[in-house]
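**Student:** Provided below are the primary sequence and the corresponding predicted coordinates.
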Amino acid sequence: MAVLSISRRTVARSVRILGVASASAALALGAAGNALACNINEFSAEAKCDGKNGVITVTDVDKAGVEATVSVYLVEKNADVRMVGEQTVKGSKDGTTITFEEDWAPNAEYRVHVVALPYIKGADIKPNLTTPSTACKPEEESPTPTATPSPSDSATPPAEEESPSPTPSASESESTAPASSPSNAPTPAAGDSNLAETGANSNTGVIAGIAAALVAIGGGAVFFGMRRRGASNTR
């Protein structure tokens, strides 16, 4: 009987030990499962510049790779004023990043909302994202005006150039010349008009020569006539 009672005690003790070990294993597995489960702390958001364009990036480092839906909202006075966009992401050990194109203003506030069922039923990344105080596009600098040299800055005054005499324009020459009216009289030949103006083609010399010759002939005739009459009277 003593041996039987000892055996029962040993079995009961062994069972209790196995129960404690099983519970410990269950707690360890539960903790490991919770550690591998997706949670909001595995998400982070950042406002950056892609060249001159603003972007908002969200990174998921969930090792389990649970698919999550990420939504980004612009916030003003603790209220959503505009939805920037919505994308899905599967996390990884090294982190998976998604990008939202947003021309954000300096010191703007954005709310990033995450849903990853069954682990995250809807939670925001805390605190809300605040953009940098400097915009991505720098303000355009106004061109610096160049100083114009004053008259005193010039070493020597430029020599005065002689202004060319004004030539009459075509319109002035046309206006000064009177328009010739058409005439019904025949136009003399160019050669005749020129000779008449200069006197080179005049008949005055020829007529004077003929007249002198006629005078000489008439005088000779009178002389011979008187001579013959004197001769006849002497006879």
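**Tutor:** Looks like it arrived, so ask away.

**Student:** I'd assumed residue 91 was in contact with residue 37.
**Tutor:** No: using Cβ atoms under 8 Å, residue 37 is not in contact with residue 91, being 11.4 Å away. In this view, the C-beta of every residue, glycine as well, is placed from N, C-alpha and C.

**Student:** OK, contacts around the nearest residue to residue 125 once chain neighbours are set aside?
**Tutor:** Closest residue to residue 125 apart from its sequence neighbours, by Cβ to Cβ, 6 or more residues apart in numbering: residue 112 at 4.3 Å. Contact analysis of residue 112 by Cβ atoms under 8 Å, 6 or more residues apart in numbering lists 43, 45, 56, 58, 70-73, 124-125, 128-129.

**Student:** how about a cut-off of 10 Å?
**Tutor:** With Cβ atoms under 10 Å, 6 or more residues apart in numbering as the criterion, the residues that contact residue 112 are 40, 43-45, 56, 58, 70-73, 84, 100, 123-126, 128-129.

**Student:** Over to residue 124?
**Tutor:** Residue 124 neighbours (Cβ under 10 Å, 6+ apart): 40, 43, 45, 71, 73, 111-114.

**Student:** Buried members of these into ChimeraX, please.
**Tutor:** The ChimeraX command for the buried members of these (criterion: 16 or more other Cβ atoms under 10 Å) is given here:
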select :40,43,45,71,73,111,112,113,114
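
**Student:** Save the contacts of residue 124 as CSV, and put in secondary structure too.
**Tutor:** Formatted as CSV, the contacts of residue 124 follow (DSSP: H, G, I helix; E, B strand; the rest coil):
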residue, secondary structure
40, helix
43, strand
45, strand
71, strand
73, strand
111, strand
112, strand
113, strand
114, strand
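
**Student:** Closest one to residue 228 out of the contacts of residue 124, please.
**Tutor:** Nearest to residue 228 among the contacts of residue 124: residue 73, at 156.5 Å, using Cβ to Cβ.

**Student:** ok so, going back, which members of the contacts of residue 124 are the farthest-apart pair?
**Tutor:** 40 and 73 (16.0 Å).

**Student:** which neighbours do residue 37 and residue 91 share?
**Tutor:** In contact with both residue 37 and residue 91: 62-64, 66, 116, using Cβ under 10 Å, 6+ apart.
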